[in-house]
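Visitor: Structure, please.
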Amino acid sequence: MWKCPTCKRSFLSTNQSHYCVTTTIDDIFAGKADNVVHAFDDLLLAVMEWEPQEVGAAKKAVVFTSKRAWLIVRPMSKQLDVSFYTDELLQSPLLFKSAPWMKGNTKHRNSLRLSGPGELTTEHMKLLEKGWKFGLR
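Guide: Below is the predicted model:
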């Protein structure tokens, strides 16, 4: 793993191209509703036991990285948009959206939404674990 000396985010490749910002997770959640912040806290606590894991701030999102970025969390005004990647198209009523990431690519982006604390279920965790395992490849 390579860590950008400017923004301190970790990447799979040395000098990997990225949008380099010097923001913090607190900056990303500044002014967001308490329910959104608490939903993120639940998510963070639930997945941080999975190792290896790093969490960093990107332009408008929080990026979770194992060997590669696997989870992208974007706080919206009333919800968290939680996106993770897998090598298969997932089917679940918990998913807001599941689609190929790019045409001709075997990577799929799966998104779910959380509105507040206590919403993260065992079923959510099973889906997220698929993304974490994909990120370890």
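Visitor: So for residue 72, what's the pLDDT?
Guide: Note on residue 72: pLDDT of 96.
Visitor: residues contacting it?
Guide: Neighbour list for residue 72: 58, 61-64, 82-84 [criterion: Cβ atoms under 8 Å, 6 or more residues apart in numbering]. Heads up, the C-betas are built off the backbone N, CA and C, glycines and all.
Visitor: sec struct for it, please.
Guide: strand (DSSP: H, G, I helix; E, B strand; the rest coil).
Visitor: got it, and residue 41?
Guide: Here residue 41 is recorded as helix under three-state DSSP.
Visitor: Downstream of the least confident helix or strand in the chain by mean pLDDT, the next helix or strand is which one?
Guide: In the chain, the helix or strand scored least confidently by mean pLDDT, DSSP states H and E is strand 10-11, which has a mean of 70. Following strand 10-11 in sequence order, the next helix or strand is helix 25-29 (DSSP states H and E).
Visitor: neighbouring contacts of that following helix?
Guide: Contact with helix 25-29 is made by 36-37, 40, 55, 57, 60-62, 75, as judged by Cβ under 8 Å, 6+ apart.
Visitor: please redo it, this time with the cut-off set to 6 Å
Guide: 37, 57, 62, 75 (Cβ atoms under 6 Å, 6 or more residues apart in numbering).
Visitor: Kindly report the same for stretch 105-112.
Guide: 82-87, 89-90, 94-98, 100-101.
Visitor: Which of those fall in strands?
Guide: Under the assignment DSSP state E, those contribute 82-86, 97-98, 100 to strands.
Visitor: will you turn these into TSV that also has distance to residue 1?
Guide: Shown next, in TSV, are the ones in strands among the contacts of stretch 105-112 (distance: Cβ to Cβ, whole Å):
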residue	distance to residue 1
82	23
83	21
84	19
85	17
86	21
97	29
98	28
100	26
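Visitor: Selection in ChimeraX covering whichever of the residues you listed are buried, please.
Guide: A single ChimeraX command selects the buried members of these (16 or more other Cβ atoms under 10 Å):
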select :82,83,84,85,86,98
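Visitor: Turn the ones in strands among the contacts of stretch 105-112 into TSV, columns for pLDDT and distance to residue 47.
Guide: Formatted as TSV, the ones in strands among the contacts of stretch 105-112 follow (pLDDT from 0 to 100; distance: Cβ to Cβ, whole Å):
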residue	pLDDT	distance to residue 47
82	98	10
83	97	13
84	97	10
85	94	14
86	95	15
97	94	20
98	93	19
100	90	24
